[in-house]
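>>> Here's a sequence, model it:
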Amino acid sequence: FFFFFFFKQKTAYEIMPSLVGSEMCIRDRYKKEHSSTAVIYNRLAQAHNEISDYNTALEYASKALNINLRIFGEENCNVAMSYTILGSIFHSKDNLKKAKEYCSKALNINLKLYGDEFRNTGNSYNAIGCAYSTAGDYKKAINYHEKALTILIKTCGENHSDVAVSYICLGNTYYRMNSYDEACLLYTSPSPRD
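Below is the predicted model of the structure:
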């Protein structure tokens, strides 16, 4: 949806068979209640979301969330990541209410664990901002994106890819508002080097 780019070299179609194989190996070795299984489920969810197979994506993301909740409890970064992935899938399905709900859960966990001085907190703000932008609530979207940008510049540095994504998200909101000059300024902000 906006910042899950772990498929940099290969498409989701190319990577899925190895993820399914990994899932079976981990499941056979550790049974269903292992954190590595949850990681594979989350990656499968992202891959299926990428190819618009939303029901399968939700199935895998829900499995990952349930494993993470049983292993780690509610206040854990793995649980926050599962909520973010679920929010991303719901955003892709245009269920913006659910997207905001899950991304807000992730944000609350990240704030509780790490405060405003953490990269994942910034990414959570961006995720919620994107949902508000898509819903047409641009004022809230800009507020969330600006918080994200401030945190990400502070925690990652100006030239980080998450900062570039933040500029793009903010630019997209201004573009939707027909503020093309502002959008262009944001789109041409410093690009990442890492």
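
>>> Just the terminal-to-terminal distance for stretch 50-59.
With Cα to Cα, to the nearest Å as the measure, stretch 50-59 spans 14 Å from end to end.

>>> what does stretch 151-170 give?
End residues of stretch 151-170 are separated by 14 Å (Cα to Cα).

>>> got the contact list for Y138?
132, 173, 176-177 (Cβ atoms under 8 Å, 6 or more residues apart in numbering). Yep, even glycine has a C-beta here, placed from its N, CA and C like the rest.

>>> for the chain, what spans make up the strands?
Counting by DSSP state E, the chain yields no residue ranges for strands.

>>> where in it is pLDDT low?
1-32, 190-194 (pLDDT under 70).

>>> what residue lies at the spatial centre of it?
Taking Cα atoms, centre = their mean, the centroid of the chain lies closest to T84, which sits 4.8 Å from it.

>>> what about the closest residue to that residue other than its chain neighbours, distance to D181?
Take T84 and drop its neighbours on the chain: the residue closest to it by Cβ to Cβ, 6 or more residues apart in numbering is A106, 4.4 Å away. Distance, A106 to D181, using Cβ to Cβ, to the nearest Å: 33 Å.

>>> what about those two, which has more around it?
Neighbours per residue, other Cβ atoms under 10 Å: of A106 and D181, the larger number sits with A106, 25 against 8.

>>> does that one really touch A131, like I thought?
No - taking contacts as Cβ atoms under 8 Å, A106 lies outside contact range of A131: 11.9 Å.
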